[in-house]
Every structure is written in C-alpha cells, then in structure tokens.
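Student: fold the stuff below for me.
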Amino acid sequence: MGTLCERDRELAAVDALLERRGGVLVVEGRPGIGKTSLVEVACSRADGLGYQVVRARGSELEAGFAFGVVRQLFERRLAAAAAGERAALLAGPAAAAGPLELRHAAQIASVEMSSAARLAEGLVRVDVLEAGDRPRFVHPVIRAALEASLGGGERDLAHRCAAGLLHADGAPPGQVAAHLAGVRPEGDGWVLARLREAAQAAMDGGAPQSAASLLSRALDEPPPPGQRAGVLREAARAEAAAGREMACAHLEEALQLVTGRRERAEIALEVAEAYAALFRWVNAVDVLEHALAELGEADQELAARLEGELVVCGLHDARRAGRVAPVLTRLGSRRAEAGNEPLAVARAMTMLLTGRPADQIAGLLEEALARAGPEVENWDTRAALLWVLITAERFAAVERSLKPMLAQVHRGGSARGFVAGYSTLGLLNLRLGALPEADTAARVALSVMQEGDFAPGLAFAATVLADIAVEAGELTEAQAMLDLLPQEGWPAGVGTVLIPAARGRLRLARGRAADALADFQACGAMFGSEVWGMPTRDTGYLHARSGAALALLRLGQHRRARQLADAELADARVFGAPRALGIALRAAGLARGGRDGLTLLRESVAVLDGSPALLERAHSLAELGAAMRRSGERAAARDPLARALELATRCGARPLAARVRDELKATGARPRRPWRTGVEALTPSELRVARLAAEGRSNREIACELYVTLKAIEGHLARAYAKLGIEGRAQLPHALAAGKD
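Tutor: Residues are numbered from 1 along each chain as shown. Next up, the predicted model:
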C-alpha cells in the first residue's frame with residue numbers, strides 16, 4: 001500500500017516525521033475512517049527508507065499485563081529470527097517470552113491442528129487475520145465484533161482456557177493473568193493464585209500500578225476468608241508503592257480480620273507506613289500508639305519497630321511532636337537492631353529542631369547510613385535522614401547516598417521512592433546553587449506527587465520549585481507553584497512550615513516587603529517552641545528571621561531588623577554550618593550597615609568560600625561589592641562583583657546577575673553582555689537542556705533523562721539558540737563557556 005486518497009496533509013506529517021528521524025505522531029479518528037490504512041502507509045514508507053518497523057496494538061488483554069504492548073513490539077522480530085539468533089534473543093530473563101504458535105488457538109477451539117491451519121488460511125484470505133506465524137486480527141473492530149457475538153459464559157470459558165494453556169507452557173504470569181482479569185469472578189482458587197503471581201511479577205518488574213490493578217481483581221474473585229487478609233496486604237503494598245490512598249483502607253480492613261496481637265501489630269505497622277508514605281503523619285502516629293498499647297510486652301523487637309516509626313512520624317507534625325520524647329527515651333533503651341535508623345533519624349531531627357551543632361547531627365546520621373547500607377527499607381525515614389543531612393550541610397554524603405537510592409527507585413518503580421529521591425535531589429541542588437539541575441529533579445517529584453495521592457506532601461517539591469523560580473527571576477512561575485498549596489490554615493509541620501517561608505521570599509522579590517514580613521512572622525510562629533512542645537531554633541532550615549530582617553530593612557525598621565538578624569546569627573554560630581552561617585552573617589551585615597556591616601559581609605564571604613553553596617557565595621559577594629561601592633571603594637568593589645557575576649551566571653540566577661552587572665557599571669567597569677541575551681537570559685530549564693545537549697546528548701536522551709516530551713526539548717533548545725545568538729547545537733559548548741567570562 002503506497003498511496004491514499006485525500007490524505008495529503010496526513011501523509012505530509014508522516015514524511016516530515018521520517019525525515020526528522022525521530023518523534024511521535026498520533027493518528028486519531030472515529031472507527032472506519034482509515035486510521036489503520038494510514039499507519040500501514042507510514043510503516044511501508046519507513047520500511048522503504050531502511051527503518052526497522054516494529055508494531056504493537058493495545059487491547060484489553062494488555063491493560064493488566066505490565067509492559068504487554070512493549071512486549072508485542074518485539075514478537076514479530078523474534079518470530080522471524082533464525083534458530084541461533086532466536087536462542088540469543090531469548091537468553092536470560094527473556095526466556096519466558098515465547099510467542100503463542102497456532103497450537104493454542106486450535107486447543108481453545110477444540111479442533112485438530114490441520115483443521116486449524118486451514119481455517120486460519122481462510123481467515124487470512126478474507127482479511128480477518130493477519131498473515132504470519134502468530135494469529136492476530138487485522139483490526140480491533142473485527143476482534144471486538146467477534147467477542148460481542150460470544151455469550152458471557154462462552155467468552156469467559158475461552159479466556160480461562162487460554163490462561164490455562166499459557167500457564168502450562170510457562171508463559172509470563174502477566175500474560176496468563178491478562179486473560180483472567182476480565183472474566184467474571186467465581187471464587188476460583190486457581191484464578192486467584194494466577195492473579196497473585198502476576199501481581200508479584202509486576203512488583204518485581206517495577207510496575208506497582210499493574211500489580212495493584214491485578215490484586216484489586218483478585219479481591220473481587222473473592223479469596224476464601226482465610227486468605228483475604230493476606231491478599232489485602234499484598235494489594236496495599238502495591239497501592240502504597242503506586243501512591244494510592246486505597247492502601248490505607250485495605251490495610252484497615254485487614255486489621256479488622258485478624259485477632260492475634262502480634263499479627264495485628266504487624267499490620268498496624270503497615271497501616272502506619274502507608275499513611276506516612278502519603279504524608280499523613282497524624283494518622284500514622286495514632287495507629288501506632290493504639291498498636292503499642294494493644295501489643296504490650298508481648299514482643300519487644302516488634303514494639304521497637306513500631307516505636308521507631310512513631311518517633312520519625314511524630315516529629316514531622318507539631319500536633320504529635322510532644323508525644324515523641326518519652327517514646328524516644330524508651331526506644332533508646334532497647335537493643336533491637338531494627339530500630340537503628342529510625343532512632344538515629346528521630347534523634348537527629350530533635351537535635352536540628354532544637355538548634356544543636358551541625359557536626360553532632362551529621363555524625364549521628366552518617367553512622368546510621370553506614371550501618372544501613374545503600375538499600376532503602378523505608379522511604380520516609382531515609383528521606384527525613386537526607387533532608388536533615390542537607391540542612392546540616394553534608395552535601396557530599398547526601399549525593400553519595402542518592403545514587404544507589406535513585407537506582408533502586410527506577411528498579412522498583414515506587415512512587416513514594418520517586419518523591420523521596422527526586423525531592424531530595426532538588427533540595428540538594430538548590431542548596432548547592434545548581435538551579436537547572438534542581439528544577440529538573442523537583443519537577444519529577446512534583447509530577448509523581450500530582451499523579452498519586454500525595455497532596456499533603458506537595459510542599460516539599462513545590463516550595464523548592466518556587467525558590468528556584470525566584471532565584472531565576474520567573475516570579476509568575478514561582479506564584480504558580482505556591483498556588484498549588486493551601487493558602488492558609490496550615491497545621492505546623494516540617495513540610496507546611498516551608499510554605500510561608502517560600503511565599504515570603506517571593507513577596508520580597510516582588511517588592512512587597514510588608515506582606516513578606518507577615519509571611520516570615522507566620523513561619524516563625526509555626527516553628528515556635530509553644531507549638532512544638534520543645535525549645536526550637538531555626539538554624540538553617542528556614543532562615544525566617546533573616547528574611548524578616550530584610551523585609552524590615554526595606555520598611556525602614558532598622559533597629560528591629562538588627563535584632564532579628566543578630567538572633568539568627570547567634571544561633572547560626574552555634575550550629576556551625578558554613579552556608580547557614582554565611583546567610584546569617586550577610587543579613588546581619590546588611591542590617592548593621594557601615595564599617596561593622598562591611599566586616600560582617602567580609603566574614604560572610606570568607607565563610608562561604610569554604611562551602612560548595614555557590615549561589616549563596618554569589619549573593620554575599622554581590623552584597624559585599626555593593627556595600628564597598630557605596631562606601632567609596634569603587635575600584636576594590638570590582639573584584640567581588642566580578643566573582644559574583646561569574647557565579648550567578650553559572651547558577652542560572654538571572655536577577656542577581658542583572659543586579660551585579662548594574663553594580664559593576666556603577667564602579668566604572670564595562671561588563672560584556674546585557675542579561676536579556678546570553679547565558680544569563682536562559683531559564684533553569686533551558687540552561688539544563690542546553691548543557692546536556694552541549695555534552696553530546698541527543699534530544700531523545702535528554703527527554704528521557706528529564707521526563708519531558710521531545711517537543712519540550714526542541715522548544716527549550718530553540719529558545720536557547722535564540723538567546724545565545726547561535727544557529728545550532730554544535731555551537732553550544734563555546735556559547736556556554738563564553739557565558740562564564
């Protein structure tokens with residue numbers, strides 16, 4: 001088939017796709033309009049140009065079969081392979097992927113193979129089946145019409161027979177279950193077993209959503225009473241990994257079905273972990289407290305596991321933080337190995353909240369990481385550990401831990417793992433000043449959260465993205481991120497307290513000092529000792545006092561600004577982390593002014609020179625240079641300002657680069673390029689894509705790494721080329737390097 005009538009526009013789109021040697025083309029329309037014919041022409045033309053064409057067709061049988069459509073793509077390639085090549089293709093894990101020959105269809109129809117072959121040939125001649133080794137309908141409409149002609153019982157019998165034959169031949173569990181997922185439930189134990197096998201295979205293959213769907217169908221079978229609690233727990237594990245709130249309801253039901261104290265406590269721990277995975281800390285603590293009371297002294301090791309989960313969950317939400325101290329004391333007296341990481345995390349979180357030195361906090365957590373190893377057992381506990389380590393400024397340790405953590409996430413497909421890993425990576429890169437990389441990571445986390453039932457935890461990704469956007473000068477985007485979150489009435493917690501702090505920074509960037517001050521004051525109140533039931537200190541997590549001091553300076557309230565800045569500085573000196581101390585010194589220097597202020601700003605720069613937090617170093621250099629210029633040291637101011645410009649450009653902090661450029665001009669220097677063009681003009685997303693392209697990555701590789709479409713990558717590159725004044729990717733390395741001058 002080479003031509004079609006009245007399809008010039010569609011065929012032009014096909015040709016354009018083939019000429020670009022990559023992309024996606026979607027063909028849609030009502031049944032019978034010619035979609036299949038158009039696809040056939042596209043495949044024919046691709047084949048003529050030397051492309052290897054692989055095909056797959058979605059149907060209800062693939063809906064519950066993890067990667068079923070992907071598997072189809074390679075079946076014809078396998079069927080056409082010679083014996084030796086076929087053996088190589090099916091080596092290792094692929095051995096289970098043998099195709100259906102005509103034998104299965106003959107057995108289901110209860111006819112001899114010779115008769116089946118003749119019937120199949122006849123159906124090919126009348127365009128019902130496709131020619132080839134594997135029987136396949138030429139069009140889904142034909143298949144649908146055939147299935148509609150069968151009675152419900154007859155259809156179910158055929159699918160059950162197909163599942164039995166596939167199972168006997170050792171077909172993948174998902175392919176067997178695909179035939180069973182749509183049949184009517186009959187309380188069949190064999191069907192239940194196959195669905196559970198397929199669900200486990202899907203979990204092992206990193207497809208928890210498929211596993212959850214299969215186990216939901218298994219619950220409808222239904223399981224016998226003695227097995228129902230077990231199936232509910234399996235379903236909940238899959239649902240929790242997929243980020244579904246239904247996990248909690250299924251575990252609560254399982255809890256009601258069992259009577260033994262130990263088993264009830266084990267299920268209660270799973271309930272709490274499911275609530276915690278969805279950022280519902282209060283629910284988790286309440287379940288754990290009830291379970292501990294019921295368990296009593298029956299099992300000390302299990303009690304330690306329950307207490308370990310309780311202390312970590314309780315410290316995430318001020319409404320339950322007051323209940324942590326006695327449990328933490330009791331847990332510390334136990335010797336159960338299972339409690340090591342949660343115990344260390346809870347102690348470190350308490351130390352951070354109360355303003356203890358960063359070295360003490362980091363030492364405790366680094367020891368816990370060394371004991372735990374690279375594999376993550378509890379995403380919530382590990383995420384809390386890494387966020388505290390980031391605040392304690394052990395950036396290299398976090399980076400080392402994230403590599404195996406993200407590899408595990410991609411293997412297992414856990415939605416909560418994606419949220420934990422990529423929100424942590426986003427925060428890490430933000431603290432380091434790598435805005436493009438931070439933006440990429442945090443957007444992956446946000447996307448996963450929005451697809452799942454993670455609404456209570458959105459602040460962990462959205463506030464990171466808002467701060468990135470503020471530093472990049474994209475204030476409308478920053479507001480859009482904050483608009484995803486509740487605007488008031490936040491319960492105090494380690495996630496919600498980030499909201500007013502981020503909103504304050506945005507309002508300060510917009511020149512709304514009074515509103516920003518109100519936000520920073522609200523943040524301070526949410527983090528107060530009365531709310532948390534312990535003597536809290538903000539030493540580097542929020543910087544609410546230094547933010548309020550900057551707002552007060554703009555409002556002309558210098559005395560109050562100095563008081564707040566000095567208070568944060570005193571706590572930051574005890575904390576001892578360079579980035580936090582540099583920020584506090586900078587705020588105090590601006591609030592103090594004059595010669596004393598210059599001294600504090602110089603100390604801020606000196607402290608940050610030893611930190612990898614490049615963006616904060618750029619801010620302090622900029623403030624020092626500006627203060628020196630104002631004090632009459634115009635020539636001397638050029639060096640810190642030039643260093644600030646280089647760092648701001650490297651980080652992608654456009655407003656800071658623009659301000660520094662103006663300061664340099666005021667000293668008599670002549671910076672090379674206005675910020676509306678060049679590297680400084682690139683948004684974090686554009687800069688990230690441009691850097692990857694300059695490293696030699698293809699558009700497709702970049703799209704896969706950043707979890708975006710090819711069209712988005714093409715758009716980012718086109719805008720980057722225009723801003724950089726270049727014509728293509730070959731010029732990117734030079735253009736990006738020139739931006740550092």
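Student: check what pLDDT the residue nearest the centre of the chain gets.
Tutor: Centroid-nearest residue in the chain, with CA atoms, centre = their mean: residue 445, separated by 2.7 Å. Note for residue 445: predicted pLDDT of 95.
Student: name the helix or strand for it, please.
Tutor: helix 435-451 (DSSP states H and E).
Student: please pull up the helix or strand immediately following that helix.
Tutor: Next along the chain after helix 435-451, taking DSSP H and E as the criterion, comes helix 459-472.
Student: domain map for the protein?
Tutor: What automatic domain parsing lists as the domains of the chain is 8-96, 97-259, 674-741.
Student: which residues touch the helix holding residue 445?
Tutor: If you take CB atoms under 8 Å, 6 or more residues apart in numbering as the criterion, helix 435-451 is touched by 243, 415, 418-419, 421-423, 425-430, 432, 454-455, 457-458, 460-462, 464-465, 468, 471-472, 615, 651-653, 684-685, 687-688, 691, 706-707. In short, each C-beta sits where N, CA and C put it, glycine included.
Student: got the angle for that helix vs helix 459-472?
Tutor: If you take axes from the mean of the first three to the mean of the last three CA atoms, to 10 degrees, helix 435-451 sits at 150 degrees to helix 459-472.
Student: in helix 435-451, which residues are buried?
Tutor: 435-449 (16 or more other CB atoms under 10 Å).
Student: now flag whichever of these is closest to residue 516.
Tutor: Closest to residue 516 out of the buried residues of helix 435-451 is residue 435 (21.1 Å), distances taken as CB to CB.
Student: nearest residue to residue 216 other than its sequence neighbours?
Tutor: Nearest-residue entry for residue 216: residue 235, 6.3 Å, with adjacent residues in sequence omitted and distances by CB to CB, 6 or more residues apart in numbering.
Student: tell me who's in contact with the one you found.
Tutor: Neighbouring residues of residue 235 by CB under 8 Å, 6+ apart: 199, 212, 215-216, 218-219, 246-247, 250.
Student: mind giving me the ChimeraX select for those residues, buried ones only?
Tutor: Of the contacts of residue 235, the buried ones go into a single ChimeraX selection, burial set by 16+ other CB under 10 Å:
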select :199,212,215,216,218,219,246,247,250
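Student: Throw the contacts of residue 235 into JSON lines and include pLDDT, distance to residue 176 and secondary structure, thanks.
Tutor: Listed next are these as JSON lines, based on pLDDT from 0 to 100; distance: CB to CB, whole Å; DSSP: H, G, I helix; E, B strand; the rest coil:
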{"residue": "199", "pLDDT": "95", "distance to residue 176": "12", "secondary structure": "helix"}
{"residue": "212", "pLDDT": "96", "distance to residue 176": "18", "secondary structure": "helix"}
{"residue": "215", "pLDDT": "96", "distance to residue 176": "15", "secondary structure": "helix"}
{"residue": "216", "pLDDT": "96", "distance to residue 176": "17", "secondary structure": "helix"}
{"residue": "218", "pLDDT": "96", "distance to residue 176": "13", "secondary structure": "helix"}
{"residue": "219", "pLDDT": "96", "distance to residue 176": "18", "secondary structure": "helix"}
{"residue": "246", "pLDDT": "97", "distance to residue 176": "25", "secondary structure": "helix"}
{"residue": "247", "pLDDT": "97", "distance to residue 176": "25", "secondary structure": "helix"}
{"residue": "250", "pLDDT": "97", "distance to residue 176": "24", "secondary structure": "helix"}
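Student: wait, which of the contacts of residue 235 is closest to residue 573?
Tutor: Nearest to residue 573 out of the contacts of residue 235 is residue 247 (CB to CB; 45.2 Å).
Student: I figured that closest one hits residue 237, correct?
Tutor: Yes. Counting by CB atoms under 8 Å, residue 237 is a contact partner of residue 247 at 7.5 Å.
Student: by mean pLDDT, which helix or strand of this protein comes out lowest?
Tutor: Sorting the helices and strands of the chain by mean pLDDT, DSSP states H and E puts helix 60-63 at the bottom, at a mean of 54.
Student: where in the stretch 101-250 of the chain is pLDDT low?
Tutor: By pLDDT under 70, the low-scoring segments of the stretch 101-250 of the chain are 102-121, 123-144, 146-151.
Student: quick one: the helices in it?
Tutor: Secondary structure of the stretch 101-250 of the chain (DSSP state H, counting those that start in this stretch): helices at 103-109, 113-125, 140-149, 152-168, 173-180, 189-204, 208-220, 225-241, 246-257.
Student: deepest-packed of those, please.
Tutor: Comparing those by mean neighbour count (mean count of other CB atoms under 10 Å), helix 173-180 comes out on top with a mean of 26.
Student: CA atoms only for that one - export them in PDB, please.
Tutor: Output of helix 173-180 as PDB, limited to C-alpha atoms (Å, rounded to 0.1, in the frame of the first residue of the first chain):
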ATOM      1  CA  PRO A 173       2.400 -14.600  34.800                       C
ATOM      2  CA  GLY A 174       1.200 -11.300  33.400                       C
ATOM      3  CA  GLN A 175       0.200 -12.800  30.100                       C
ATOM      4  CA  VAL A 176      -1.700 -15.500  31.900                       C
ATOM      5  CA  ALA A 177      -3.500 -13.000  34.100                       C
ATOM      6  CA  ALA A 178      -4.400 -10.800  31.200                       C
ATOM      7  CA  HIS A 179      -6.900 -13.400  30.200                       C
ATOM      8  CA  LEU A 180      -8.200 -13.700  33.700                       C
END
